[in-house]
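Chemist: Below are the sequence and a predicted model for it; my questions follow.
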Amino acid sequence: MKTTEYLTKILEEHTQAVDLIADEEAEELVNSITNSKKVFVTGAGRSGLMAKSFAMRMMHMGIDAYVVGETVAPTFEEDDILIVASGSGETKTLVPIAEKAKSIGGKVAAVTLSPESTIGNLADVTLKLAGAAKDQGTNNKTIQPMGSLFEQSLLLVFDAIILRFMDKKGLDTTKMYGKHANLE
Ligand SMILES: O=C([C@H](O)CO)[C@H](O)[C@H](O)COP(=O)(O)O
């Protein structure tokens with residue numbers, strides 16, 4: 001197949017994936033973020049990259065958002081929320097971070113393929129996305145390798161959540177661009 005035909009297939013997979021996402025779960029995540037003092041995100045590999053892009057847009061909206069492990073990330077406290085982006089919900093480096101956030105008394109949200117996973121079970125809020133787990137091998141859910149469908153879905157769903165926030169807060173792109181880094 002040509003590259004553009006693959007692209008069409010990928011877009012079709014996302015069109016099908018939308019129907020499997022529960023709006024109530026997305027809204028619960030939006031409300032949990034709104035009710036939290038600080039928002040921390042974490043994830044490994046490509047999932048982590050998508051989580052970082054979400055933190056950036058939250059910052060553009062005026063939310064106090066941080067990426068776990070970065071030098072400017074402050075103390076996680078009980079009024080805060082940790083959002084874990086993990087398809088498997090089992091990634092070894094993420095489990096202790098989620099456990100620590102819970103032990104501090106903060107909220108944990110999991111954006112995952114597997115609400116029944118270790119991280120999913122720890123979470124107070126779960127947003128289930130569609131896709132195939134990275135180690136699933138050949139399957140009938142996607143033509144893409146490993147967790148690509150999930151990782152793309154993360155980016156798209158996080159961007160849809162940003163639009164929902166913009167609606168609620170009366171924000172527009174010009175106001176948000178005013179907060180974008182100008183030392184770049
Ligand atoms: O980077 C990844 C890999 O390329 C699989 O497609 C994953 O995002 C990374 O391994 C984290 O996995 P999950 O925690 O299961 O999302």
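Modeler: Looks like it came in fine.
Chemist: okay, now the closest residue to the ligand within the chain: neighbour count?
Modeler: For the chain, the residue closest to the ligand is G45, as judged by CB to the nearest ligand atom, at 2.2 Å. The way it works is simple: take the backbone N, C-alpha and C, and place the C-beta from them, glycine included. Residues near G45, counting by other CB atoms under 10 Å, number 14.
Chemist: Also the one 10 residues further on?
Modeler: Counted by other CB under 10 Å, the residues lying close to A55 total 22.
Chemist: What of M58?
Modeler: 21.
Chemist: And for D23?
Modeler: 8.
Chemist: I'd like to know how far it sits from K179.
Modeler: 28 Å (CB to CB, to the nearest Å).
Chemist: Likewise for G87?
Modeler: 30 Å.
Chemist: neighbour-wise, which of these two wins?
Modeler: Remark: of G87 and K179, G87 carries more neighbours, 31 against 12, as counted by other CB under 10 Å.
Chemist: Within the helices and strands, which one has the nearest residue to the more buried one once chain neighbours are set aside?
Modeler: Among residues not flanking G87 along the chain, F150 sits closest, at 4.1 Å (CB to CB, 6 or more residues apart in numbering). Following DSSP states H and E, one finds F150 within helix 148-169.
Chemist: what about that helix and the ligand, touching?
Modeler: Yes - judged by CB under 6 Å from any ligand atom, helix 148-169 and the ligand are in contact via S148, E151.
Chemist: got the contact list for that helix?
Modeler: With contact meaning CB atoms under 8 Å, 6 or more residues apart in numbering, helix 148-169 is reached by 10, 13-14, 17, 21, 26-27, 29-30, 33-34, 43, 46-47, 49-51, 53-54, 57-58, 61-62, 85, 87, 111, 113, 127, 129-134, 141-142, 171-172, 176.
Chemist: Then stretch 4-24?
Modeler: By CB under 8 Å, 6+ apart, the list of residues contacting stretch 4-24 reads 1, 127-131, 141-144, 149, 152-153, 156-157.
Chemist: before we move on, the earlier item: narrow the contacts of helix 148-169 to those that are buried.
Modeler: Using 16 or more other CB atoms under 10 Å as the burial test, the contacts of helix 148-169 include 13, 17, 21, 26, 29-30, 33, 43, 46-47, 50-51, 53-54, 57-58, 61, 85, 87, 111, 113, 127, 129-134, 141-142, 171, 176 as buried.
Chemist: Strands - which of those residues land there?
Modeler: Of those, the ones assigned to strands by DSSP state E are G43, A85, V111, L127.
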